[in-house]
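> Okay, predicted coordinates and the sequence, questions at the end:
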Amino acid sequence: MLIATDLWKSYGNVAAVRGISLEARAGEIVGLLGPNGAGKSTTVAMLCGLTRPDRGSVTIAGEAIGDDASAAKRRVGLVPQDVSLFEDYGAAANLELFGALYGIAGDTLRSRVDSALSLVGLADQARARPATFSGGMKRRLNIAAALVHDPDVLLLDEPTVGVDPQSRNAIFDNLETLRSRGKALVYTTHYMEEAERLCDRIVIVDHGQVAASGDRVSLRALLPPKATRRYEIEGAVDESLLATLRTRGLAVRAADDASLEDVFLHLTGRQLRD
Amino acid sequence: MNALFALVRKDILLYFRNRRAVAVTLAAPILIAAFFGAVLGGPPKKPSRVPVAVADLDRSAVSTEIVKAMKGDATFDLRDATEPEAIRLVREGKVRAAVVIPAGFGDQAPRALFSPRNGKPELVVHYDPSQAMTLALVKGLLAEHVMKGVTRAAFSGGTGMKTVREVREQVEKSPAMPPEQRRDLISLFDSIERVQAREANASEAASAFGEGLSLPFTTRESEVAGPEGRTYNGYAHAFAGMGVQFILFMGIELGVGLLLMRRMGLWKRLRAAPVSRALLLGSRIASGTVIACLLFIGIYAAAIAVFHVRIEGSLAGFVAVALAFAVLTSTFGLLIAALGKTPEATRGLAILATLLLVMLGGAWVPTFVFPEWLQRMTAYVPTRWAIDGLEAMTWRGQGFEAAIVPVAAMLAASLVFAGVAMRRFAWEE
């Protein structure tokens, strides 16, 4: 669906992106992972046509992303890193505006707005102003604004910055729903656990270049072998089995595989807090 | 919904949703224009009397006559004072000028009328330098009253007879004077003395010099403001000036709003859509124009309803001038956004630029009070054309043709502003 080939971009003497290539297929979430300043946002800007690459090309379903009004731009939805909404304009009015920019009008527009608001759990807030929303609600509306024109490709530039675990979880659910509908998603983050949970494939970038890419398993294989390995055992563990392992000279410790986020969600629930 | 329409609609709704800001934008020009209009003209009314003090150190019949005449003049609000008191009143700003009639004036002035070479008495006019325009008025009216009083004294009464007798003696004893000239002057004095003798016996009503010499003409003021029969309304200028100023302030908000949108990342989302740069910026020009027009309507509705400002000239011309100024305002806002770096820095600079524009445009005081070089320079200030155009269509009562040049000047400036803005606008901070 989305193919970026050998993208280069410099600002003055600083080379922000140096030959990045990536592909996102329909029904797939591709993680673009990297530390701050790695070139992720510049890459996203080139993928959606905001920035013209110095070299390389981007195509959406075979069509090149080009000038301001190029048809390929209609097939891409961008969720910017900042909450980019008109805060004193109603939630539905914001979506209607962004839909209109993509040439959607009338009943189709109204139905798309309703559907996008429902997807992100804000259907009952259609007339409310984003200025009155919590951070998580704004982030969800920020995503909905990129969905009104029903794009084939969704580019998400760190869409969960500053949200609580409930909202983050809800956003992940939304993105998984979109993947199941056949959308191609490029998800930019520097949170490893997010990439690990969501992404089918991960592209790790650093210093404007692709450092590695592949699925989780193939990326883990890149690590050097460890002296100590950790195994997950499914089912009830018999104490006699552990005793046997100890007699063979292996160290056996109780491992708690629940993350702090799991504990937090267990205690505070998964219900969205608006 | 068309993309342009959606963007323009959004801007207009967001602007008018901030009711407090809209109320201030409308109320401020109306209140300030009401103040300026009342101070600098207001509706047609009787001019206020000029407070003037007079110190009569002479106390002669002539000086008393002059003071009496000045008191009867509706232009002056005259008060008697001693000389130090009169000067103090000027210094304190309680009177605009003080006239001091020196001792001996009644004797010296009639003599100086016939024999100026022997010296003239001096009337001192102390004046408030902040009210310098009053000086000419006081001097002019004083000249008329003094002339009347002195000539009346010279041609009638004891003072005049004594004066003519003294001057006759001087002429008779003057060795350097040619005999022919001496004979003619003595003949003139004979005639004057005969007139004086008749005047001394005549009643005041029958007197030929009862009022002394006066100006040999009268004047009739005819106010030329719009159609015949209409009078000038100072609020018309004040509303033009303040309307222009506060609508330009709205233009600043428009520009700063663009910079804030950039900071919030909104331009990224808008530019990610398949719409051109020209459409995005053009929508701001269109919405700014509509907002400025709506503000114009609000401000002039108050001017017409409450302050009796009337569009005495072409209504179409008025609409054209208002529309051209609205376009100028929105492109000015765009220019600010294009040249500004951050919203904070830009706001201060833009306010300074706007105040200069409105000051040079004649929004605060009419441009005719400027020095001539500055008046010539203001032809290049687009706000001058806005104010001139609005005045031409309101109290000056001119036709549509008078709106053409102001409209063309404003549209030309708008074109330059928009061109620079389109080229220079940076989508990212």
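Ah, there it is. Residues are numbered from 1 along each chain as shown, chains lettered A, B, ... in the order given.

> Count the residues that sit near the spatially closest residue to residue A:100 that is not a sequence neighbour.
Distances taken as CB to CB, 6 or more residues apart in numbering or on different chains place residue B:6 nearest to residue A:100, at 3.6 Å, with adjacent residues excluded. Bear in mind the C-beta positions are built from the backbone N, C-alpha and C, glycine included. Residues lying near residue B:6 (other CB atoms under 10 Å in any protein chain shown) number 20.

> Where does residue B:6 sit, in terms of helix or strand?
Element membership for residue B:6 (DSSP states H and E) is helix B:3-17.

> could you give me the average pLDDT of that helix?
Helix B:3-17 shows a mean pLDDT of 93.

> Now do the buried residues in it.
Neighbour counts over helix B:3-17 (16 or more other CB atoms under 10 Å in any protein chain shown) mark B:3, B:4, B:6, B:7, B:8, B:9, B:10, B:11, B:12, B:14, B:15 as buried.

> now the first one: how far from residue A:52?
Pointing back at residue B:3 there. 22 Å (CB to CB, to the nearest Å).

> Closest one of the buried residues of helix B:3-17 to residue B:95?
When the buried residues of helix B:3-17 are compared for distance to residue B:95 (CB to CB), residue B:15 wins out at 50.6 Å.

> ok, and the closest non-adjacent residue to the closest one?
Residue B:15's closest residue in space is residue B:291 (CB to CB, 6+ apart), at 5.2 Å.

> And what about the one you found, helix, strand or coil?
When classified by DSSP: H, G, I helix; E, B strand; the rest coil, residue B:291 comes out as helix.

> Identify the residues contacting it.
By CB atoms under 8 Å, 6 or more residues apart in numbering or on different chains, the residues touching residue B:291 are B:11, B:12, B:15, B:16, B:250, B:254, B:330.

> same question, residue B:29
B:239, B:242, B:243, B:245, B:246, B:247, B:299.

> Same check on residue B:51?
When contacts are counted by CB under 8 Å, 6+ apart, residue B:51 touches B:76, B:77, B:79, B:94, B:95, B:96.

> ditto for residue A:189
Per CB under 8 Å, 6+ apart, neighbours of residue A:189: A:31, A:32, A:33, A:158, A:160, A:195.

> Measure how buried the last one is and give me the count.
Residue A:195 is surrounded by 23 other residues when neighbours are defined as other CB under 10 Å.

> I'd say it and residue A:29 touch.
No: the criterion here is CB atoms under 8 Å, and residue A:195 misses it with residue A:29 at 9.2 Å.

> what's the overlap in contacts for the two?
Residues touching both residue A:195 and residue A:29 (CB under 8 Å, 6+ apart) are residue A:187.

> Could you grab the helix/strand/coil label for the closest residue in space to residue A:110 that isn't next to it in sequence?
If the residues on either side of it in the chain are set aside, residue A:110 comes closest to residue A:96, at 7.8 Å by CB to CB, 6+ apart. What three-state DSSP gives for residue A:96 is helix.

> Spit out the contact partners of residue A:96.
A:109, A:110, A:113, A:148, B:1, B:6.

> In this structure the last one contacts residue A:103, no?
Going back to what we said before, that points to residue B:6. No: using CB under 8 Å, residue B:6 is not in contact with residue A:103; the gap is 10.5 Å.

> Tell me how far residue A:23 lies from residue A:32.
With the distance defined as CB to CB, residue A:23 ends up 12 Å from residue A:32.

> tell me the mean pLDDT for stretch B:237-244?
In the prediction, stretch B:237-244 has an average pLDDT of 91.

> can you check stretch A:148-164 too?
Stretch A:148-164 carries an average pLDDT of 89.

> For that stretch, what is the spacing between the initial and final residues?
25 Å (CA to CA, to the nearest Å).

> Just flag the most distant two among the contacts of residue B:291.
Checking the contacts of residue B:291 with CB to CB, the most distant pair is B:16 and B:330, at 15.5 Å.

> Using PDB, write out every CA atom in the worst-scoring helix or strand of chain B on mean pLDDT.
The least trusted helix or strand in chain B, going by mean pLDDT, DSSP states H and E, turns out to be helix B:157-173, with a mean of 77. In PDB, the C-alpha atoms belonging to helix B:157-173 read as follows (Å, rounded to 0.1, in the frame of the first residue of the first chain):
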ATOM      1  CA  GLY B 157     -15.300 114.100  22.200                       C
ATOM      2  CA  GLY B 158     -12.600 115.900  24.100                       C
ATOM      3  CA  THR B 159      -9.800 113.500  23.500                       C
ATOM      4  CA  GLY B 160     -10.100 113.800  19.800                       C
ATOM      5  CA  MET B 161     -10.200 117.600  19.800                       C
ATOM      6  CA  LYS B 162      -7.100 117.800  22.000                       C
ATOM      7  CA  THR B 163      -5.300 115.300  19.800                       C
ATOM      8  CA  VAL B 164      -6.100 117.200  16.600                       C
ATOM      9  CA  ARG B 165      -5.100 120.500  18.200                       C
ATOM     10  CA  GLU B 166      -1.700 119.100  19.300                       C
ATOM     11  CA  VAL B 167      -1.000 117.500  15.900                       C
ATOM     12  CA  ARG B 168      -2.000 120.800  14.100                       C
ATOM     13  CA  GLU B 169       0.500 122.700  16.300                       C
ATOM     14  CA  GLN B 170       3.200 120.200  15.400                       C
ATOM     15  CA  VAL B 171       2.500 120.700  11.700                       C
ATOM     16  CA  GLU B 172       2.400 124.500  11.900                       C
ATOM     17  CA  LYS B 173       5.800 124.500  13.700                       C
END
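
> in the helix or strand following it, what counts as buried?
Proceeding N to C from helix B:157-173, the next assigned helix or strand is helix B:179-201, under DSSP H and E. Within helix B:179-201, the residues that count as buried by 16+ other CB under 10 Å are B:185, B:189, B:192, B:195, B:196, B:199.

> Can you verify my assumption that the third one contacts residue B:155?
Yes: applying CB under 8 Å as the test, residue B:192 and residue B:155 come out as touching, 7.0 Å apart.

> Would you tell me which residues of the stretch 201-350 of chain B are close to chain A?
B:264-266, B:268-277 (CB under 8 Å from any CB of the partner chain).

> Filter those down to the buried ones and hand me the PyMOL line.
Buried residues among those (16+ other CB under 10 Å), as a PyMOL selection:
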select buried, chain B and resi 264+265+266+268+269+270+271+272+273+274+275
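
> Pull up the gap between the residue of the stretch 101-250 of chain A found nearest chain B and residue B:183, please.
Residue of the stretch 101-250 of chain A nearest chain B, by CB to the nearest CB: residue A:101 (3.7 Å). Residue A:101 sits 106 Å away from residue B:183, going by CB to CB.

> Equivalent analysis for residue A:230, please.
The spacing between residue A:230 and residue B:183, counted by CB to CB, is 144 Å.

> Quick check, central residue of the chain?
Using chain A here. Chain A has residue A:187 as the residue nearest its centroid, 2.8 Å off, counting by CA atoms, centre = their mean.

> actually chain B
So for chain B, CA atoms, centre = their mean, it's residue B:366, sitting 5.9 Å from the centre.
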